[in-house]
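[1] I'd like to go over a predicted model; first the sequence, then the structure.
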Amino acid sequence: QVQLVESGGGLVQAGGSLRLSCAASGRTFSSNAMGWFRQAPGKERELVAAISSGGSINYADSVKGRFTISRDNAKNTVYLQMNSLKPEDTAVYYCAARGVRWIGSTIPEYDYWGQGTQVTVSS
């Protein structure tokens, strides 16, 4: 079992930055691929970024060049640095963990989920 707790969300103006953190506990964090998803009102949940246990990374096209995912296995934490934020980035952001090492791109591939943190970008 893995417990995930997100933090770092908030209200920011367009062009600003936020860093989300996801603290994991319960099993060997370094063996898990991790992902950040987001869900805007009235829209489906979508993958934002994912990182494998070995550090391979995948980003959604909409955030490439603006967001950076990273992990610190010593702290059991995964981060999402979000720069040049746009109003369309407004959503609830969720941290998720897979039970395997490799990146997944779809919701069913992830076994554990955090409670989500709200990110609001004002224009």
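    Good, I have the coordinates. Here the structure is a predicted model, which is why all the values come from computation and not from measurement.
[2] Give the bridge partners for the most centrally placed residue in the chain, please.
    A centroid search over the chain (CA atoms, centre = their mean) returns Trp36, at 2.1 Å, as the residue closest to the centre. As for beta bridges, Trp36 partners with Ala49, Cys95 under DSSP bridges.
[3] per-residue confidence for it?
    Note on Trp36: pLDDT of 98.
[4] hang on, isn't it packed against Ala91?
    No - using CB atoms under 8 Å as the test, Trp36 is too far from Ala91 to be in contact (10.5 Å). Glycine gets a C-beta too; all of them are placed from N, C-alpha and C.
[5] thinking again about what came up before, got the contact list for the residue nearest to the centre of the chain?
    Contact analysis of Trp36 by CB atoms under 8 Å, 6 or more residues apart in numbering lists 20, 22, 47-50, 69, 78, 80, 93-96.
[6] Now with 6 Å, please.
    Val48, Ala49, Leu80 (CB atoms under 6 Å, 6 or more residues apart in numbering).
[7] Out of the residues you listed, the closest to Val119 would be?
    Leu80 (9.6 Å; CB to CB).
[8] in this protein, which spans are strands?
    For the chain, strands defined by DSSP state E occupy the ranges 3-7, 10-13, 18-25, 34-39, 46-51, 57-59, 67-72, 77-82, 91-97, 112-113, 117-122.
[9] Of all those, which one comes closest to Thr106?
    So among the strands of the chain, strand 46-51 is nearest, using CB to CB, at 7.5 Å.
[10] Show me how far that closest one is from its chain's centre.
    Computed by CA atoms, centre = their mean, to the nearest Å, the chain-centroid distance of strand 46-51 equals 6 Å.
[11] mind listing what's buried in that strand?
    Leu47, Val48, Ala49, Ala50, Ile51 (16 or more other CB atoms under 10 Å).
[12] Likewise for stretch 113-123?
    Trp113, Gly114, Gly116, Thr117, Val119, Val121.
[13] is it true that the third one touches Ala91?
    Right, the one you point to is Gly116. No - the criterion here is CB atoms under 6 Å, and Gly116 misses it with Ala91 at 9.1 Å.
[14] circling back: would you reformat the contacts of Trp36 as a markdown table and include distance to Phe29?
    Shown next, in a markdown table, are the contacts of Trp36 (distance: CB to CB, whole Å):
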| residue | distance to Phe29 |
| --- | --- |
| Val48 | 19 |
| Ala49 | 17 |
| Leu80 | 16 |
